[in-house]
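S.K.: how would this look folded up:
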Amino acid sequence: MINGIHHVAISTPDLNRLVDFYKNVLGFEIVYETSWDKKEIIDQIVGLKDSAAHSVMLRAHNTHIEIFEYSAPEPVRGDPNRPVCDHGYTHLCFDVVDIDAEYQRLLNAGIKFHTPPPKSDQLGSGTIRATYGRDPDGNVIELQEVLDPNSPIKLKN
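M.R.: Here you go, the predicted structure:
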């Protein structure tokens, strides 16, 4: 039985920079850190040969993010401007309270957003307000405020 999503993982060229962003800007806490170098069982799990990496698991409420910095094999740099329509993971969505305040806080912290959050009257259905921005590696993050407390997409505490 699947209980739900435990975490999303991100590979980065600069672990400290990305952990700093998720910890100090978005408010996640470090749950644990680990590393490995050429461990056969891990190579089997991740489907790589002679891999080496350092990783950090972070948590905010019921959301976990695992960040990896691989030193082997040599990673291929991702496109920090990859359009969200390209195949693969498109974004991480964060449930927020008061999207306007959170948007302004992150904007002040240097996060680039595609657009400010639309006003409720611009949305039609009025169920959510959301906007997309990018973390320091160019990964797309979404801020989403669910307006209807009875919405089936509202997170349960």
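S.K.: In contact with the residue positioned nearest the centre of the chain, which residues?
M.R.: Centroid-nearest residue in the chain: Leu92, 4.2 Å away (criterion: CA atoms, centre = their mean). Counting by CB atoms under 8 Å, 6 or more residues apart in numbering, Leu92 makes contact with 8, 65, 139-142. For every residue, glycine as well, the C-beta is placed using N, CA and C.
S.K.: and if you look at Thr12?
M.R.: 18, 67-69, 137 are the contacts of Thr12 under CB under 8 Å, 6+ apart.
S.K.: In helices only, show me those.
M.R.: Mapping the contacts of Thr12 onto helices (DSSP state H) picks out Leu18.
S.K.: how about the contacts of Thr12 in TSV, adding pLDDT and distance to His87?
M.R.: Shown next, in TSV, are these (pLDDT from 0 to 100; distance: CB to CB, whole Å):
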residue	pLDDT	distance to His87
Leu18	95	23
Ile67	94	22
Phe68	92	21
Glu69	95	24
Asp137	91	19
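S.K.: farthest-separated two in the contacts of Thr12?
M.R.: Using CB to CB, the contacts of Thr12 reach their maximum pairwise distance at Phe68 and Asp137, which is 11.7 Å.
S.K.: Can you pull the residues that touch both of those two?
M.R.: When contacts are counted by CB under 8 Å, 6+ apart, the set common to Phe68 and Asp137 consists of 10, 12.
S.K.: Domains of this protein: list them as residue ranges, please.
M.R.: Following the assignment in automatic domain parsing, the chain carries domains at 7-72, 92-146.
S.K.: So for Asn81, which of those sits nearest?
M.R.: For Asn81, the closest of those is domain 92-146, at 6.2 Å, according to CB to CB.
S.K.: That closest one: end-to-end distance?
M.R.: Chord length of domain 92-146, first to last residue, is 16 Å (CA to CA, to the nearest Å).
S.K.: where does the closest residue to Lys39 other than its chain neighbours fall, phi/psi-wise?
M.R.: Spatial nearest neighbour of Lys39, excluding adjacent residues (CB to CB, 6 or more residues apart in numbering): Ser51 at 7.9 Å. Per-residue torsions, Ser51: phi -80, psi 150 (degrees, to the nearest 10).
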